[in-house]
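Novice: sharing a model that was predicted from the sequence below.
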Amino acid sequence: MRHRVGLLWFQNDLRVDDHRVLSQAASECDQLICWFPVNPQWFIPNRYGMRSIGPARWLFLHESLRQLDLALRQRGNRLLITYEPPLQALAELISRGHVDVVYRSRNAGYYENQYWQLAQQRYPYLTFIEDDTHTLFDQAQLPFQLKQLPESFSKFRRLVERPDLRVAIRPPLDAPKQLPTAPLRASDWRYYDGKPMAPLLPVEQPVVQGGCEAALSHVSTYFRHRHASTYKETRNALDDWTSSTKFSPWLANGSLSVRRLNQRLHTYEREHGANDSTYWIYFELLWREYFQWYAHTHKQHLYRFQGIKAQRPTTSFYGGRLQKWCQGNTPYPIVNACMKQLNATGYMSNRGRQLVASCFVHELQLDWRYGAAYFEQQLVDYDVGANWGNWQYLAGVGADPRGHRQFDLAKQTRQYDPDGSFIERWDGAVNDGPLDHIDAADWPIKD
């Protein structure tokens with residue numbers, strides 16, 4: 001079906017490679033507006049006192065949008081950015097651009113989907129089209145209805161890997177060579193100009209560069225150096241660039257297609273041989289996949305204190321403990337080192353995330369949602385499903401059939417930082433005294 005003017009609403013799909021929605025819009029529209037809304041709500045502290053985006057991810061997003069704009073310009077279009085509530089900007093775009101169809105990639109975020117649903121209600125005379133670009137599988141391919149999502153990752157993996165049900169992964173699409181032009185003049189709108197987009201403090205030690213070109217370059221380098229063949233042996237290291245894949249930042253904002261990555265992994269296996277390590281990379285992609293559909297299934301329950309369970313946890317809120325955990329100022333050196341690494345770089349290893357989350361819930365007895373919200377603010381690779389789903393998992397209110405995941409911090413320190421080098425590098429042994437300054441009866445605790 002032909003459309004006169006299309007609007008492509010970019011969210012966590014910041015690329016032109018293997019972008020089925022972009023390719024569809026390019027083939028159906030005479031003109032096309034490529035739009036990314038910066039939501040002012042991101043920078044306002046939420047109910048947990050955190051922002052939805054911090055300096056590390058903001059810088060990464062800025063770089064990602066710059067590379068997306070360049071890719072669009074090379075194909076005859078450009079990226080339009082607005083800095084107002086999304087539905088307010090959308091109303092003006094529809095009116096001034098004479099839009100008759102709106103496209104987007106399907107999103108796992110509950111609040112992101114609220115905007116999409118409200119737009120459909122406000123503009124029933126428009127066509128709204130969405131498709132899966134952020135997952136390995138299409139929703140229609142899943143061997144179950146979303147409301148029947150397996151209650152654990154193990155059950156999910158067994159289903160999608162069953163020989164008789166094995167779900168086919170669509171091959172990635174090449175980027176369109178040419179795009180329709182935009183109907184709006186640059187003088188009328190703020191198109192991306194390459195300048196910093198907001199006065200956020202810069203991250204101290206950014207670990208990755210944003211953007212689709214940087215993503216593909218990293219993937220190429222990772223496989224060229226054959227790190228994939230040893231991934232399973234090195235993946236738990238706390239502080240080594242090549243020990244894990246580091247694909248997650250680009251996967252999170254869609255600068256990298258998970259299907260393109262999966263294709264590259266299988267090419268590597270054909271050329272250099274498959275082993276436990278290469279399978280384990282795919283295994284981790286399946287974990288990511290599970291949490292995408294977990295978020296789609298459980299919607300607002302992703303943010304509930306009791307998660308998807310019936311019983312609320314026994315943890316609570318202690319402002320002083322929360323602050324010490326955020327600062328890396330607890331009695332636990334391994335936790336402090338991990339948190340200081342996160343605050344300085346926007347990144348933390350998967351093992352580190354498990355340790356600090358376990359400490360947050362069990363040793364500090366804090367409401368897990370505050371930890372998840374802090375991760376959302378700080379992580380360069382924040383992904384709504386993976387972040388909130390994993391926090392529920394560690395807090396015992398999510399998809400973990402065991403229901404209680406507590407790590408022995410002393411044992412984990414001996415195992416993963418035996419010489420203390422990681423703790424020393426990040427000053428993890430430094431703290432300013434007792435965890436609490438008052439006792440259970442609210443009497444001050446003396447040093």
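Specialist: Looks like it arrived, so ask away. Numbering: from 1, shown residues only.
Novice: quick check: what element follows the longest helix along the chain along the chain?
Specialist: In the chain, with assignment by DSSP state H, the single longest helix is helix 276-298. Where DSSP states H and E defines the elements, the next helix or strand beyond helix 276-298 is helix 319-327.
Novice: just the buried residues of that next one, please?
Specialist: For helix 319-327, a neighbour-count test (16 or more other Cβ atoms under 10 Å) marks 321, 322, 324, 325, 326 as buried. Placement of C-beta: from N, CA and C, glycine included.
Novice: helices or strands up against the longest helix of the chain?
Specialist: Judged by 3 or more Cβ pairs under 8 Å, 6 or more residues apart in numbering; DSSP states H and E, the packing partners of helix 276-298 are helix 153-161, helix 231-234, helix 258-272, helix 384-395.
Novice: can you tell me how far the closest residue to residue 372 other than its chain neighbours is from residue 337?
Specialist: In this structure, residue 372 finds its nearest non-sequential neighbour in residue 391, 3.9 Å apart by Cβ to Cβ, 6 or more residues apart in numbering. Look at residue 391 and residue 337: by Cβ to Cβ, to the nearest Å, they are 20 Å apart.
Novice: higher neighbour count, these two?
Specialist: The residue with more neighbours, out of residue 391 and residue 337, is residue 337; 30 against 25, by other Cβ atoms under 10 Å.
Novice: okay, the more buried one: pLDDT?
Specialist: Each residue has a pLDDT score; the one for residue 337 is 98.
Novice: please verify my assumption that it contacts residue 421.
Specialist: No - contact between residue 337 and residue 421 fails when scored by Cβ atoms under 8 Å: they sit 9.9 Å apart.
Novice: tell me who's in contact with the most centrally placed residue in the chain.
Specialist: The residue lying closest to the centre of the chain (Cα atoms, centre = their mean) is residue 383, at 1.8 Å. Contacts here follow Cβ atoms under 8 Å, 6 or more residues apart in numbering; on that basis residue 383 touches 12, 248, 251, 252, 288, 291.
Novice: all the strands of the protein, residue numbers only.
Specialist: 3-9, 29-37, 79-82, 101-105, 127-131 (DSSP state E).
Novice: mind putting the helices and strands packed on helix 276-298 into a markdown table with mean pLDDT and distance to residue 6?
Specialist: Listed next are those as a markdown table, based on pLDDT from 0 to 100; distance: least, Cβ to Cβ, whole Å:
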| stretch | mean pLDDT | distance to residue 6 |
| --- | --- | --- |
| helix 153-161 | 94 | 33 |
| helix 231-234 | 95 | 41 |
| helix 258-272 | 98 | 23 |
| helix 384-395 | 97 | 26 |
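Novice: which positions in the longest helix of the chain come out as buried?
Specialist: Neighbour-count burial for helix 276-298 [16+ other Cβ under 10 Å]: 277-278, 280-282, 284-298.
Novice: pretty sure residue 251 is in contact with residue 259, am I right?
Specialist: No - if you go by Cβ under 8 Å, residue 251 and residue 259 don't touch, sitting 10.8 Å apart.
Novice: and this protein, what are its domain boundaries?
Specialist: Taking the TED database as the reference, the chain has its domains at 1-133, 135-171+212-302, 319-426.
Novice: against residue 154, how distant is the closest residue to residue 333 other than its chain neighbours?
Specialist: Spatial nearest neighbour of residue 333, excluding adjacent residues (Cβ to Cβ, 6+ apart): residue 428 at 3.9 Å. Separation of residue 428 from residue 154 (Cβ to Cβ) stands at 33 Å.
Novice: more neighbours: which of those two?
Specialist: residue 428 (24 against 12).
Novice: got the contact list for the more buried one?
Specialist: Applying Cβ under 8 Å, 6+ apart to residue 428 gives the contacts 328, 333, 334, 335, 336, 337, 338, 340, 422.
Novice: now flag whichever of those residues is closest to residue 413.
Specialist: Nearest to residue 413 among the contacts of residue 428 is residue 334, at 4.5 Å by Cβ to Cβ.
Novice: how close does that closest one get to residue 381?
Specialist: Per Cβ to Cβ, residue 334 is found 21 Å from residue 381.
Novice: repeat that for residue 241.
Specialist: Note on residue 241: its distance to residue 381, by Cβ to Cβ, is 14 Å.
Novice: more neighbours: which of these two?
Specialist: Counted by other Cβ under 10 Å, residue 241 and residue 381 do not tie: residue 381 has more neighbours, with 23 against 11.
Novice: next, format the helices and strands packed on helix 276-298 as JSON lines and append distance to residue 436.
Specialist: Listed next are the helices and strands packed on helix 276-298 as JSON lines, based on distance: least, Cβ to Cβ, whole Å:
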{"stretch": "helix 153-161", "distance to residue 436": "36"}
{"stretch": "helix 231-234", "distance to residue 436": "38"}
{"stretch": "helix 258-272", "distance to residue 436": "43"}
{"stretch": "helix 384-395", "distance to residue 436": "21"}
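Novice: residue 106 contacts residue 137, doesn't it?
Specialist: No - here residue 106 does not reach residue 137: they are 11.7 Å apart, not a contact under Cβ under 8 Å.
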